[in-house]
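K.L.:
Any chance you can model this:
(2 chains)
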2 protein chains.
Amino acid sequence: MVSYDQATGVTPTSAEPEGIGRLGPGPEFDLIRRFYSGWGRRNPGDVRVGPGDDAAVVTGDGIVLSVDLSVEEIHFRREWLTPEEIGGRAAAAALSDLAAMAARPIGILAALALVPADADAIATDVMRGVRSAVEGVGGVLLGGDLSRSPGPMILDIVAVGEASAPVLRWGAMAGDEIWVTGQLGASGLAVATLQRGERPPADAFERFRRPTPRIAEARWLAERGVPRAMLDLSDGLGGDVAHLARAAELAAILQADALPLHPALARARLSSVEALRYALTGGEDYELCFAARPGTMQAHQAAFNREFGIGLQLVGHFEQGEGVHVRSGDGSRVALSQAGYQHFGGPR
Amino acid sequence: MVSYDQATGVTPTSAEPEGIGRLGPGPEFDLIRRFYSGWGRRNPGDVRVGPGDDAAVVTGDGIVLSVDLSVEEIHFRREWLTPEEIGGRAAAAALSDLAAMAARPIGILAALALVPADADAIATDVMRGVRSAVEGVGGVLLGGDLSRSPGPMILDIVAVGEASAPVLRWGAMAGDEIWVTGQLGASGLAVATLQRGERPPADAFERFRRPTPRIAEARWLAERGVPRAMLDLSDGLGGDVAHLARAAELAAILQADALPLHPALARARLSSVEALRYALTGGEDYELCFAARPGTMQAHQAAFNREFGIGLQLVGHFEQGEGVHVRSGDGSRVALSQAGYQHFGGPR
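P.N.:
As a prediction, the model looks like this:
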């Protein structure tokens, strides 16, 4: 949700039930809403950001915490990835939540459940992947837990970071520009190709198996005061930008021809509608999406590209209204009703 | 393991491989050791306690973090417990790790994986149990994650607390007394009875389905400076006290006739060896076990009993040597070779 940051005196104006923020639409979020209903919005002094944002933030120091479960057959399949890649991906997904808050990584806790027959063969490889991902962003292993599983391999990664001024999902204003780092849709294309039993394009597969949390990029942007609201793209731009829109009680308008499509989408000879679908709903891109005051990002864009070389694209804006709308080159506008990846009930 | 607390200048003297502390013996711990091997013992400035203790501790504020996975068919069975009890138990297990460090709970992050058909029916009940457990110790829900599972229900609880002076597993000295809160063996008896398809004694079942993390007790003891080293009894006294012994490079000597056996063990007409086995290896008692300088605890014992009414028992001492040894009334001494619950490879 959104913070209701007691420290900075942000006052919630949402009409949501007590204790629950402005999550995006869809059946998964209905369930999450039910989870938190009744919890109250009691943020004691040491809770700065509670449920609903990319991560929780506790204490004046701004300790940022996020938890990600990766379950075999749901989040990955063993035939697609090595154990080391499975570990690395799970860690990257959790670390990406730290990027979403512009936090500096401290480390991770890793809990792993395996069938005993697997434990000797793959546990160290999985952990090597976790280690490589967390060390790659300057963090360390803080601890963990090991247990048996009756079947699926289960990885649980807790990312721990620090951000004295975390960037929240809440904060976009009408007129703000919507920016996206990197390129979209490659990971979704890789998964769809693998699901058909085919071999994905090498560059798309690389994005799927070795996602890069945009930690340095997020901190660079936050140091320059650019993002007013931010999240990481884990479920697809369409569904994720809905969180920013809903948190701000605004509509997000995306320009279809401005979306930074990964080149693998063009090479795959998809229709423009199909390519757009991967960019909007593919998921697991782990790029950043943020709101910027009109005209403020442009001054930094060249420096960002020099520093990181991953691209940074203006893809739309927020305005009065609600929902996520995609505007085509001919000026027509389509509302996304069921955007992003819905874990429960929704179509993929 | 043990902290190697850079803040207090504790110097590790273990002969363990780099980066891994002095875990107890057994196949599970061999695997954990392998996990951490190669991670190095690099505790940056903001990591006070790394892998191997009950929880990690970060930053000068002493933020205490622990992760616990509860997996259906491994840690619980649905036919034994209601969804609310499943949630409460998972939360209590994680919160018990905060007690082990004498930390004040801030809150928890809860990640849940369910098959879609279950989601509507039980998710809110599971979370109600989580909520009740965390609110019972003054904490709140900080956030979470919800995903699908291909079969087993998976609960992952991250407990977050604060302890400016956490009590670690390391720190026992030769001659220190070993103390245990409450009574042991009831939870193990309940599980064994359930596994035979029988109905456990009501009081033993209550200990199994509604464990109480000893948060207040631990903080009370720590405020009086009593525990030099402490942990919570999740795997059975025999295996858990081995962690304290190993961390201190000492032997733990337990007095068989001093162990505070739960009354249900007596009523179950077990042989004295069987009753002892439940107390030493039953697991999931979630009582505290700590080392105290000889004679320091006795002055507080009456006040502790008045305050908490759960009992506090002197059960043994540490001395030069290694391992865990049980001394009987006749003076004979038996070394425990395979103590506690071993998730991998060991018999239960």
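K.L.:
Can you give me the pLDDT of A:Gly138?
P.N.:
Turning to A:Gly138, the model gives it a pLDDT of 93.
K.L.:
cool, and A:Gly346?
P.N.:
A:Gly346 carries a pLDDT score of 36 in this model.
K.L.:
what's the answer for A:Arg34, then?
P.N.:
54.
K.L.:
do the one 10 residues further on as well
P.N.:
Each residue has a pLDDT score; the one for A:Pro44 is 59.
K.L.:
Any buried residues in the longest helix along chain A, and which?
P.N.:
Of all the elements of type helix in chain A, the one with the most residues (DSSP state H) is helix A:116-135. Residues of helix A:116-135 classed as buried under the neighbour-count rule (16 or more other Cβ atoms under 10 Å in any protein chain shown) are A:119, A:122-124, A:126-135. Where C-beta positions appear, they are placed from N, C-alpha and C, glycine not excepted.
K.L.:
touching chain B at all, that helix?
P.N.:
Yes: using Cβ under 8 Å from any Cβ of the partner chain, helix A:116-135 reaches chain B at A:116, A:119-120, A:123-124, A:127-128, A:131.
K.L.:
for stretch A:281-292, same thing?
P.N.:
No: residues of stretch A:281-292 contacting chain B under Cβ under 8 Å from any Cβ: none, with a closest distance of 12.4 Å.
K.L.:
Ends of that stretch, what's the gap?
P.N.:
Its start and end residues considered, stretch A:281-292 measures 23 Å (Cα to Cα, to the nearest Å).
K.L.:
ditto for stretch A:315-330
P.N.:
Using Cα to Cα, the two ends of stretch A:315-330 sit 16 Å apart.
K.L.:
And the contacts of that stretch?
P.N.:
Residues from elsewhere that reach stretch A:315-330 (Cβ atoms under 8 Å, 6 or more residues apart in numbering or on different chains): A:25, A:172-180, A:237-238, A:241-242, A:244-246, A:248-260, A:276, A:280, A:291, A:294, A:333-336, A:339.
K.L.:
What segments of the stretch 51-200 of chain A are helices?
P.N.:
Assigned by DSSP state H, counting those that start in this stretch, the stretch 51-200 of chain A shows helices spanning A:83-100, A:116-135, A:186-195.
K.L.:
Sketch out the strands for chain A, chain order is fine.
P.N.:
A:47-49, A:56-58, A:63-71, A:104-114, A:140-148, A:154-162, A:177-181, A:227-232, A:251-255, A:288-292, A:312-319, A:323-327, A:333-336 (DSSP state E).
K.L.:
Present these as TSV; the columns should include distance to B:Gln313.
P.N.:
Listed next are the strands of chain A as TSV, based on distance: least, Cβ to Cβ, whole Å:
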stretch	distance to B:Gln313
strand A:47-49	37
strand A:56-58	35
strand A:63-71	36
strand A:104-114	32
strand A:140-148	28
strand A:154-162	35
strand A:177-181	59
strand A:227-232	50
strand A:251-255	62
strand A:288-292	55
strand A:312-319	63
strand A:323-327	62
strand A:333-336	63
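K.L.:
quick one, which of those strands is nearest to A:Ile215?
P.N.:
Of all the strands of chain A, it is strand A:104-114 that lies closest to A:Ile215, at 6.2 Å by Cβ to Cβ.
K.L.:
Just checking: what are the partner strands of that closest one?
P.N.:
In the sheet, strand A:104-114 lines up against strand A:140-148 (parallel), strand A:154-162 (antiparallel) (DSSP bridges).
K.L.:
what angle do it and helix A:83-100 make?
P.N.:
Put simply, strand A:104-114 runs at 140 degrees to helix A:83-100, going by axes from the mean of the first three to the mean of the last three Cα atoms, to 10 degrees.
K.L.:
So the residue nearest to A:Ser147 when sequence neighbours are not counted versus A:Val126, what's the distance?
P.N.:
In space, and not counting its chain neighbours, A:Ser147 is closest to A:Ala113: 4.9 Å by Cβ to Cβ, 6 or more residues apart in numbering or on different chains. Using Cβ to Cβ, to the nearest Å, A:Ala113 is found at 11 Å from A:Val126.
K.L.:
Name the residues contacting each of those two.
P.N.:
A:Met153.
K.L.:
picking up where we left off before, output the strands of chain A as a markdown table; include the columns mean neighbour count.
P.N.:
Shown next, in a markdown table, are the strands of chain A (neighbours: other Cβ atoms under 10 Å in any protein chain shown):
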| stretch | mean neighbour count |
| --- | --- |
| strand A:47-49 | 27 |
| strand A:56-58 | 28 |
| strand A:63-71 | 27 |
| strand A:104-114 | 26 |
| strand A:140-148 | 22 |
| strand A:154-162 | 28 |
| strand A:177-181 | 24 |
| strand A:227-232 | 26 |
| strand A:251-255 | 22 |
| strand A:288-292 | 27 |
| strand A:312-319 | 20 |
| strand A:323-327 | 20 |
| strand A:333-336 | 14 |
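K.L.:
Can you dump the C-alpha atoms of stretch A:122-129 in PDB for me?
P.N.:
Below are the C-alpha coordinates for stretch A:122-129, written out as PDB (Å, rounded to 0.1, in the frame of the first residue of the first chain):
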ATOM      1  CA  ILE A 122      21.700 -28.700  -4.900                       C
ATOM      2  CA  ALA A 123      21.600 -26.700  -1.700                       C
ATOM      3  CA  THR A 124      25.000 -25.300  -2.000                       C
ATOM      4  CA  ASP A 125      24.500 -24.400  -5.600                       C
ATOM      5  CA  VAL A 126      21.200 -22.600  -4.800                       C
ATOM      6  CA  MET A 127      23.000 -20.700  -2.000                       C
ATOM      7  CA  ARG A 128      25.900 -19.900  -4.400                       C
ATOM      8  CA  GLY A 129      23.400 -18.100  -6.600                       C
END
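K.L.:
Mean confidence (pLDDT) on that stretch, please.
P.N.:
So the average pLDDT for stretch A:122-129 ends up being 90.
K.L.:
try stretch A:261-280
P.N.:
What stretch A:261-280 shows for mean pLDDT is 93.
K.L.:
can you check stretch A:63-70 too?
P.N.:
Rounded mean pLDDT across stretch A:63-70 is 92.
K.L.:
Repeat that for stretch A:86-100.
P.N.:
96.
K.L.:
anything in it sitting right up against chain B?
P.N.:
No: Stretch A:86-100 lies out of reach of chain B by Cβ under 8 Å from any Cβ, never closer than 9.4 Å.
K.L.:
Measure how far that stretch is from the centre of its chain, please.
P.N.:
Relative to the chain's own centre, stretch A:86-100 is displaced by 9 Å; criterion: Cα atoms, centre = their mean, to the nearest Å.
K.L.:
and what of stretch A:280-290?
P.N.:
When distances are taken as Cα atoms, centre = their mean, stretch A:280-290 is centred 6 Å away from the chain's centroid.
K.L.:
Same question for that stretch: list its buried residues.
P.N.:
The neighbour-count check on stretch A:280-290 (16+ other Cβ under 10 Å) flags A:280-290 as buried.
K.L.:
Just the local confidence number for the residue with the largest distance to the centre of chain A, please.
P.N.:
Centroid-distance maximum for chain A: A:Ala117 at 33.4 Å, with Cα atoms, centre = their mean. Note for A:Ala117: predicted pLDDT of 83.
K.L.:
quick one: contacts for it?
P.N.:
Under the criterion of Cβ under 8 Å, 6+ apart, A:Ala117 has no neighbours.
K.L.:
mind checking how far it is from A:Ile74?
P.N.:
21 Å.
K.L.:
just to revisit the earlier point, of the buried residues of helix A:116-135, which pair is most distant in space?
P.N.:
So, the buried residues of helix A:116-135 by Cβ to Cβ: farthest apart are A:Ala119 and A:Glu135, at 23.2 Å.
K.L.:
No further questions, thank you.
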